[in-house]
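1. Any chance you could fold what I've pasted below:
(4 chains)
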Protein chains: 2
Amino acid sequence: MTVQRDAGANGGARAVPDATVARLATYLRVLTALGEDAATTVSSEELATAAGVNSAMLRKDLSFLGSYGIRGVGYDVATLTEEIARTLGLTVHRNVALIGIGNLGQALAGYAGFASRGFRIAALIDADPARVSTTVQGMAVRDIAELERIVADEHVTIAVLTTPAMAAQDVCDRLVAVGVTSILNFAPVVLGVPGHVDVRKVDLAAELQILSFHESRKALQAAEVAR
Amino acid sequence: MTVQRDAGANGGARAVPDATVARLATYLRVLTALGEDAATTVSSEELATAAGVNSAMLRKDLSFLGSYGIRGVGYDVATLTEEIARTLGLTVHRNVALIGIGNLGQALAGYAGFASRGFRIAALIDADPARVSTTVQGMAVRDIAELERIVADEHVTIAVLTTPAMAAQDVCDRLVAVGVTSILNFAPVVLGVPGHVDVRKVDLAAELQILSFHESRKALQAAEVAR
DNA sequence: CGCGATTTGGGAAACGATTCACAAGCGCGT
DNA sequence: ACGCGCTTGTGAATCGTTTCCCAAATCGCG
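-> Here you go, the predicted structure:
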């Protein structure tokens, strides 16, 4: 990525490290939960514990957004929540298209966490004629042939790919061609995209294999100790 | 994690960095695909391109497993595949329990990538009486009351949590109590576990929020350029 | 058999992220 | 008004990861 970090005096947003961005989402969730418990302020120590990180790291993370804490007191829950949401760009609503309405696609279509966080499912799209025009979770499944039109009409900015691996690159290319620049990919392939497009990959099998590795390591170590 | 890296002269396994382990799964997938194309050797350059990484990084990653390449030639696909699988601990079959058979749980139960990579779905478990003893993907859904017995009987080593957020910590505690040390968590909560237990988290909402952040950044930059 | 083309393995530098440690700021009690 | 205890924000140190780069190993060819 040829990214220009810190474009000078832009509206308050400094260059936020990738690792920090990934954690902001967690902080936001924890803060929302705290807010419902009528907490008005929270210390870095509390918030860090709830988010499963070190308090120094949390403070450093938050410091990238600006100085929203009060020394001796902590952070105001409401202010901080809003500030993180703003940084993550959640103040504008984003339209999401789900492409590939198989098992997983249907499950995601019904996932409540979408709407509750400012993401609107704008369309369900599939290539299987048998599936097209059926209804899933109260939404019509539309034909992939109309992909380009749907993306334009619904102002889709994020696409979620749950197609079979075979189809993923193809669909991806078409998405990129019509200007989609953010893709969440569940298909087990490495997508090739131009540099200005962001792809995040969720790979269930890979997660299990990573756990498997650590299991083996633990087993080895147990054997070692027993020696 | 209080982990002892590099336990001396153990059977060939050096300390493999976490970042490397995470990529091995990808290499393995690409290699499997290559193997089906009857490729017999592959260079770091080819493999790296297919895996979407830099070739130097790939070589360094592989060098942690030992020296399985041939200078001037490349890597033997079969050998390397096997060696990665061995490192990831995929030579032993692992029994996986899925807990929480809602939308997502059902989708995962039907996910083919499980079986094809040496993971056996040993049990589907749910707390909802209406769901218990129904059949999903040809497997009976069992009662969470029997969790402890099922884990023991089926030799479950990895648990996949797709329960509602509310229930996750509870179930997690019970799993840990009966000796499960690897958990893949889809519930949007930070699980508290003892140090010897590995938890990996998949958070759909977080992924979208990260994409959202980059979208905003791109929008800002576009505005900047247009200035 | 020796040479050039190729490709790995790994030391070392560059980079990025995390943790440490503490000065500076704030509120409260007196 | 002042001092004490608490908590933030951040420079500096540390740690882990990635990239650079080249010597060493191997193959094919003349």
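2. where do the helices sit along chain A?
-> For chain A, the helices defined by DSSP state H occupy A:18-36, A:44-51, A:55-63, A:77-87, A:103-109, A:147-153, A:165-177, A:204-226.
3. now the third one and helix A:18-36, what's the angle there?
-> Note on geometry: by axes from the mean of the first three to the mean of the last three C-alpha atoms, to 10 degrees, helix A:55-63 and helix A:18-36 are set 90 degrees apart in direction.
4. Next one: helix A:55-63, is it in contact with chain B?
-> No: residues of helix A:55-63 are not located near chain B by C-beta under 8 Å from any C-beta of the partner chain, the shortest gap being 12.6 Å. The C-beta positions use only the backbone N, C-alpha and C, and glycine is treated the same way.
5. Would you mark the buried spots in that helix?
-> By 16 or more other C-beta atoms under 10 Å in any protein chain shown, the buried positions in helix A:55-63 come out as A:58-59, A:61-62.
6. Out of the residues you listed, which is nearest to residue B:77?
-> Nearest to residue B:77, judged by C-beta to C-beta, of those is residue A:61 at 42.2 Å.
7. so how far is DNA strand D from the closest one?
-> Residue A:61 is 8 Å from DNA strand D, where distance means C-beta to the nearest atom of the strand, to the nearest Å.
8. Not including adjacent chain positions, what is the nearest residue to that residue?
-> What sits nearest to residue A:61 in space, not counting adjacent residues and going by C-beta to C-beta, 6 or more residues apart in numbering or on different chains, is residue A:20, at 4.6 Å.
9. do the same with residue A:126
-> Of all residues not flanking residue A:126 in the chain, residue A:101 sits nearest, at 4.3 Å (C-beta to C-beta, 6+ apart).
10. that older thread, hey, which of the helices of chain A is tucked in deepest?
-> Sort the helices of chain A by mean neighbour count, taking mean count of other C-beta atoms under 10 Å in any protein chain shown, and helix A:103-109 sits at the top with a mean of 22.
11. List the contacts of residue A:109.
-> Shown in contact with residue A:109 (C-beta atoms under 8 Å, 6 or more residues apart in numbering or on different chains): A:98, A:101, A:121, A:124, A:136-137, A:139.
12. Show me what from chain A comes close to DNA strand D.
-> Applying C-beta under 7 Å from any atom of the strand, we find that chain A lies next to DNA strand D at A:43-45, A:55-56, A:59-60, A:62-63, A:67-75.
13. one more time with 10 Å
-> Within chain A, the residues that sit near DNA strand D (C-beta under 10 Å from any atom of the strand) are A:1, A:14, A:41-48, A:55-75, A:80.
14. give me the subset of the residues you listed touching DNA strand C.
-> Among the residues of chain A next to DNA strand D, the residues that sit close to DNA strand C (C-beta under 10 Å from any atom of the strand) are A:1, A:41, A:44, A:48, A:55-61, A:63-64, A:67, A:69-74.
15. So which elements touch the worst-scoring helix or strand of chain A on mean pLDDT?
-> Of all helical and strand segments in chain A, the minimum by mean pLDDT, DSSP states H and E falls on helix A:204-226, at a mean of 91. Contact here means 3 or more C-beta pairs under 8 Å, 6 or more residues apart in numbering or on different chains; DSSP states H and E; on that basis helix A:204-226 packs against helix B:18-36, strand B:94-99, strand B:119-126, strand B:156-161, strand B:182-185, strand B:198-201.
16. Is it possible to get TSV of the ones you listed that adds mean pLDDT?
-> Shown next, in TSV, are those (pLDDT from 0 to 100):
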stretch	mean pLDDT
helix B:18-36	96
strand B:94-99	98
strand B:119-126	97
strand B:156-161	98
strand B:182-185	98
strand B:198-201	98
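17. Quick check: closest non-adjacent residue to residue A:188.
-> Distance criterion C-beta to C-beta, 6+ apart; nearest residue to residue A:188, sequence neighbours excluded, is residue A:165 at 5.3 Å.
18. How about the contacts made by that neighbour?
-> For residue A:165, the contacting residues are A:187-189, by C-beta under 8 Å, 6+ apart.
19. Let me know the closest of those to chain B.
-> Closest to chain B out of these is residue A:188 (6.1 Å), distances taken as C-beta to the nearest C-beta.
20. Would you check how far apart the closest residue to DNA strand C within chain A and residue A:66 are?
-> Nearest residue of chain A to DNA strand C: residue A:72, at 2.7 Å (C-beta to the nearest atom of the strand). Distance, residue A:72 to residue A:66, by C-beta to C-beta, to the nearest Å: 18 Å.
21. In this structure the residue nearest to residue A:126 contacts residue A:133, no?
-> No: the pair residue A:101 and residue A:133 fails to qualify as a contact (C-beta atoms under 8 Å) at a distance of 11.5 Å.
22. more crowded one of the two?
-> For residue A:101 versus residue A:133, the count of surrounding residues by other C-beta atoms under 10 Å in any protein chain shown is larger for residue A:101: 25 against 11.
23. Show the contacting residues for the more buried one.
-> Per C-beta under 8 Å, 6+ apart, neighbours of residue A:101: A:109, A:124-126, A:131, A:136, A:141, A:162.
24. ok, now with 6 Å
-> Applying C-beta atoms under 6 Å, 6 or more residues apart in numbering or on different chains to residue A:101 gives the contacts A:124, A:126, A:131, A:136, A:141.
25. what's the answer for residue A:48, then?
-> When contacts are counted by C-beta under 6 Å, 6+ apart, residue A:48 is found next to A:55, A:58.
26. Now that we're looking at it, what pLDDT does it have?
-> The model reports residue A:48 with a pLDDT of 98.
27. check contacts around the closest residue to residue A:45 other than its chain neighbours.
-> Distance criterion C-beta to C-beta, 6+ apart; nearest residue to residue A:45, sequence neighbours excluded, is residue A:55 at 4.8 Å. Counting by C-beta under 6 Å, 6+ apart, residue A:55 makes contact with A:44-45, A:48.
28. how near is the residue nearest to residue A:126 to residue B:105?
-> According to C-beta to C-beta, residue A:101 stands 18 Å off from residue B:105.
29. do residue A:132 as well
-> Distance check for residue A:132 against residue B:105: by C-beta to C-beta, it reads 26 Å.
30. now residue A:179
-> Per C-beta to C-beta, residue A:179 is found 35 Å from residue B:105.
31. DNA strand C contacts on chain A?
-> So far as C-beta under 10 Å from any atom of the strand goes, chain A lies against DNA strand C at A:1, A:3, A:5, A:15-23, A:41, A:44, A:48, A:53-61, A:63-64, A:67, A:69-74.
32. on that earlier part again, which one of the contacts of residue A:109 has the most neighbours?
-> Most surrounded of the contacts of residue A:109: other C-beta under 10 Å gives residue A:98, at 27 neighbours.
33. pretty sure it contacts residue A:123?
-> No: using C-beta atoms under 6 Å, residue A:98 is not in contact with residue A:123, being 7.2 Å away.
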